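Participant: coordinates only, sequence not included:
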Ligand SMILES: Cc1cc2nc3c(=O)[nH]c(=O)nc-3n(C[C@H](O)[C@H](O)[C@H](O)COP(=O)(O)OP(=O)(O)OC[C@H]3O[C@@H](n4cnc5c(N)ncnc54)[C@H](O)[C@@H]3O)c2cc1C
Ligand SMILES: NC(=O)c1ccc[n+]([C@@H]2O[C@H](COP(=O)([O-])OP(=O)(O)OC[C@H]3O[C@@H](n4cnc5c(N)ncnc54)[C@H](O)[C@@H]3O)[C@@H](O)[C@H]2O)c1
Ligand code: SF4
Ligand code: FES
């Protein structure tokens with residue numbers, strides 16, 4: 001050590017402080033004698049990963065960022081388990097509660113935050129904790145071995161990650177939230193409702209709009225009492241209701257404090273030589289609670305301390321990603337539509353996808369994604385760059401290929417400064433990743449993860465890491481085989497082949513035998529496996545209701561406001577006065593707010609309360625239209641030769657026959673049919689999954705059409721002469737699609753993926769067609785009408801009764 005070195009003291013051995021020291025050591029390795037005090041008895045660890053530890057994704061031993069050897073090798077004097085109790089800013093000295101003193105020339109305060117504990121009567125009872133550090137994590141893991149019921153107060157990021165972890169540990173978990181929807185600080189109501197449904201499917205319960213009033217019990221917590229008089233049992237209460245910057249030490253030492261320790265753009269406090277960074281700091285009125293901004297602050301401070309001229313810190317735009325396996329939620333920037341902005345929304349209730357872009361003066365200022373967060377990183381970099389998105393809005397919202405956009409990600413990555421952070425969670429810059437590829441020889445995301453930690457936490461930066469890999473490694477980049485979801489590396493074909501080969505018969509069995517990394521699976525793999533098993537073993541496999549998507553579980557489409565819709569089947573779009581009267585009477589009797597014709601020639605009763613569903617279906621006594629499921633939806637027909645002067649064939653009769661043949665069929669994705677009576681094609685058969693168009697003396701059969709977001713006209717499969725042949729080819733085509741497409745893959749995408757020629761070749765031989773037809777009839781023979789069954793069985797009807805989720809103590 002040289003005598004000329006200045007003394008630098010860091011108070012707070014956490015993520016922000018130590019990151020600043022790492023930067024400083026790179027810029028000026030010999031400038032300071034460094035001493036670090038940390039109140040926790042650990043070296044610096046990744047707090048973010050505590051959620052992952054709790055959910056079984058990683059081990060406590062794996063979350064250390066800087067081990068003791070790191071401190072030794074950099075000649076850093078480390079005091080763990082030592083809390084600084086006082087600062088003498090005149091004599092430039094700090095002192096711990098255990099009496100250790102250290103003098104400084106420069107002092108960094110990085111004391112983080114304290115979890116906010118609601119000051120409820122009884123909050124001091126055993127079993128009431130926060131979720132902030134290793135100790136809290138260990139308490140939860142221990143508690144789950146003996147106790148059953150957990151309540152998490154707070155439905156924000158932390159509360160939901162805690163609740164998911166506790167579920168994994170086998171506890172019954174309810175989230176108590178004060179607001180009427182969860183994550184209101186990151187999401188709008190639409191996304192929050194979809195998220196809640198997904199978490200409920202994983203077993204989480206919710207008590208919304210609940211004000212906690214007191215914690216009851218003797219020594220240990222027994223229950224939580226709410227302001228409305230109700231209560232809920234609890235063996236463990238985790239408070240996750242926000243954080244407060246840890247400013248007590250600064251305040252009592254005469255350092256200016258607002259919400260946090262007040263700093264300027266160079267992280268300087270009002271006392272010369274004293275700096276603050278991290279969650280404890282307040283910059284331009286904001287105290288941040290996510291690591292990305294804290295790392296940016298650390299980089300600015302390191303330059304300051306190293307005497308390197310640089311731009312000050314100007315504040316950060318933030319993005320968040322909920323770290324719950326099987327649920328994709330992303331939020332960035334201003335999600336709540338500030339004055340003068342406009343929002344574009346896309347919502348697909350069937351596939352559980354919601355996207356919202358908030359735009360102000362042609363710039364993207366905020367985004368919310370649910371169900372499909374693949375574009376999150378790209379949207380976030382557009383928000384940060386502030387470039388105009390004029391003319392690209394639709395492509396950005398729908399994820400459509402757009403040449404301008406396709407070209408821009410790599411151009412944007414190339415233009416990024418080397419010190420720009422790519423992985424917010426782990427503070428990894430573009431330069432560090434580029435170096436790992438160009439000099440470190442990394443050729444896959446896995447190697448970059450191992451080398452730099454980029455993408456090791458929430459995974460939100462993975463697309464950018466992949467982009468950099470492509471940019472710097474080019475053809476050498478190894479694309480790691482992607483599984484059907486994050487729970488497995490196996491693709492669809494491998495899974496189906498293994499299920500067949502090993503004769504696996506349940507979702508659990510598949511996950512066990514094929515070594516799923518997440519033992520409960522997720523919202524992508526559970527319904528896929530349920531479909532593949534049902535397709536392969538139609539007569540043996542018992543459909544797993546809990547593995548179905550939400551609408552299929554309720555046999556109705558859930559509407560925006562939480563009500564449901566009722567769509568009876570109207571074969572070929574042909575109804576009768578009697579049927580219409582019945583529908584009208586039911587609509588009146590149950591005060592159905594809206595009756596609407598659908599695009600598929602049916603009647604939709606909208607705004608139905610859940611508890612009314614079985615009664616309405618009982619009175620209607622009509623077959624279910626399956627308007628909600630991955631199954632045959634509608635067969636649209638034109639009037640055809642029966643009434644139309646152009647008609648060459650009986651399109652209505654053909655349509656009704658096809659609908660009766662295939663109704664209730666389980667398919668990988670929804671399937672729509674149409675039959676037109678002549679080439680004028682009034683039933684729009686050429687944008688359907690299977691379209692039939694009458695010609696003189698026969699029928700044209702078209703496949704792979706889609707009239708939705710990505711419009712695709714059909715390909716002509718073949719021309720046949722008779723109605724029987726239409727049914728034979730339709731049976732063969734639909735069964736071949738069932739057996740070969742991925743779950744959730746529409747025929748339009750499937751036909752493009754495998755090519756029309758391969759489908760034609762597979763169906764060319766009549767024997768093969770008949771065999772496929774035989775298999776589809778077996779699949780159809782075990783299907784039943786869901787509503788007939790629910791109406792008849794008291795137990796099933798109970799699922800639709802109004803329930804109060806409140807348990808009384
Ligand atoms: C479970 C969990 C999951 C999270 N997930 C994410 C995520 O996915 N993404 C994200 O961006 N952020 C996440 N966060 C937030 C993130 O962890 C914090 O923003 C970050 O750790 C703050 O860093 P910091 O250094 O300011 O504070 P901390 O990491 O809290 O470090 C402060 C340290 O200072 C110590 N200290 C305090 N006072 C004194 C004193 N007087 N003397 C000595 N030592 C003292 C404390 O004990 C603590 O160890 C998560 C937080 C938690 C709890
Ligand atoms: N994935 C991530 O990025 C991640 C994960 C965990 C934590 N964090 C960070 O850690 C910090 C703490 O997280 P948090 O979720 O506690 O903070 P938060 O402030 O984001 O959310 C707290 C939630 O608790 C609710 N709440 C407040 N008072 C309540 C009451 N009396 N009863 C019930 N609910 C109440 C609020 O409505 C709010 O939704 C935040 O800075 C967060 O950003 C981030
Ligand atoms: S498709 Fe032909 S048969 Fe059918 S309604 Fe139109 S014109 Fe008439
Ligand atoms: S941003 Fe979370 S892992 Fe990279």
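Facilitator: Structure received. This one's a predicted model, so the numbers in the text were calculated from it and none came from an experiment. Ligands and ions are numbered 1, 2, ... in the order given.

Participant: which outside residues touch stretch 731-739?
Facilitator: Stretch 731-739 has contacts (Cβ atoms under 8 Å, 6 or more residues apart in numbering) with 535, 661-662, 665-668, 671, 690, 701, 703, 717, 747, 750, 759, 762-763, 768-770, 772-773, 775-777, 779. C-beta here means a position set from N, CA and C on the backbone, and glycine is covered the same way.

Participant: same question, stretch 84-96
Facilitator: Stretch 84-96 has contacts (Cβ under 8 Å, 6+ apart) with 9, 11, 37, 79, 82-83, 97, 101-105, 107, 249-250, 252-255, 271, 273-274.

Participant: ok, back up a step: can you say which of the contacts of stretch 731-739 are buried?
Facilitator: 535, 661-662, 665-668, 671, 690, 701, 703, 717, 747, 750, 759, 762-763, 769, 772-773, 775-776, 779 (16 or more other Cβ atoms under 10 Å).

Participant: Now intersect the residues you listed with the strands, please.
Facilitator: Assigned to strands by DSSP state E, the following of the buried ones among the contacts of stretch 731-739 qualify: 671, 690, 701, 703, 717.

Participant: ok, the spatially most central residue of the chain to residue 524 distance?
Facilitator: Geometric centre of the chain, nearest residue: residue 328, 1.0 Å, by Cα atoms, centre = their mean. According to Cβ to Cβ, to the nearest Å, residue 328 and residue 524 sit 9 Å apart.

Participant: again, but for residue 61
Facilitator: Distance from residue 61 to residue 524, by Cβ to Cβ: 30 Å.

Participant: For the two, work out which one has more neighbours and name it.
Facilitator: Set side by side, residue 61 and residue 524 show more neighbours around residue 524, with 19 against 8, by other Cβ atoms under 10 Å.

Participant: check contacts around the residue nearest to the more buried one when sequence neighbours are not counted.
Facilitator: Nearest non-adjacent residue to residue 524, counting by Cβ to Cβ, 6 or more residues apart in numbering: residue 485, 3.8 Å away. For residue 485, the contacting residues are 326, 521, 522, 524, 525, 528, by Cβ under 8 Å, 6+ apart.

Participant: per-residue pLDDT, the last one?
Facilitator: Looking back up the chat, that one is residue 528. Reading off the confidence values, residue 528 has pLDDT 93.

Participant: what residues are up against it?
Facilitator: Taking Cβ under 8 Å, 6+ apart as the test, what residue 528 contacts is 484, 485, 492, 495, 742, 743, 744.

Participant: hang on, it in a helix?
Facilitator: Yes. Assessed by DSSP: H, G, I helix; E, B strand; the rest coil, residue 528 belongs to a helix.

Participant: To what extent is the closest residue to ligand 3 within the stretch 301-450 of the chain buried, counted in neighbours?
Facilitator: Closest approach between the stretch 301-450 of the chain and ligand 3, counting by Cβ to the nearest ligand atom: residue 350, at 28.8 Å. Other residues lying near residue 350 total 17 when counted by other Cβ under 10 Å.

Participant: quick one, what contacts it?
Facilitator: Taking Cβ under 8 Å, 6+ apart, one finds 549, 551, 557, 628, 630, 670 in contact with residue 350.

Participant: any idea how far it is from residue 633?
Facilitator: Taken as Cβ to Cβ, the span from residue 350 to residue 633 is 10 Å.

Participant: Overlap in contacts, these two.
Facilitator: residue 670.

Participant: quick one: low-confidence parts of the stretch 401-550 of the chain?
Facilitator: 401-412, 478-482, 549-550 (pLDDT under 70).

Participant: roughly how far apart are residue 518 and residue 150?
Facilitator: 20 Å.

Participant: And those two? Which one has more around it.
Facilitator: The neighbour comparison of residue 518 against residue 150 (other Cβ under 10 Å) goes to residue 150, with 25 against 18.

Participant: so the more buried one, which of the three states?
Facilitator: Classified using three-state DSSP, residue 150 is strand.

Participant: My guess is it contacts residue 173. True?
Facilitator: Yes. Counting by Cβ atoms under 8 Å, residue 150 touches residue 173, with 4.9 Å between them.

Participant: And the strands in the stretch 1-150 of the chain?
Facilitator: 6-11, 32-38, 77-80, 84-88, 93-96, 101-103, 106-109, 113-115, 128-130, 149-153 (DSSP state E, counting those that start in this stretch).

Participant: Compile these into CSV and extend it with columns for mean pLDDT.
Facilitator: As requested, those are arranged in CSV below (pLDDT from 0 to 100):
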stretch, mean pLDDT
strand 6-11, 98
strand 32-38, 98
strand 77-80, 97
strand 84-88, 97
strand 93-96, 97
strand 101-103, 97
strand 106-109, 98
strand 113-115, 97
strand 128-130, 98
strand 149-153, 98
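
Participant: near ligand 3, which residues of this structure show up?
Facilitator: Residues of the chain lying close to ligand 3 by Cβ under 6 Å from any ligand atom are 638-640, 644, 646-647, 651, 676-678, 680-682.

Participant: Among the contacts of stretch 84-96, which ones lie close to ligand 1?
Facilitator: 11, 37, 83, 249.

Participant: Could you work out the most separated pair of these?
Facilitator: Spatially, the most separated pair among these is 37 and 249, at 10.6 Å (Cβ to Cβ).
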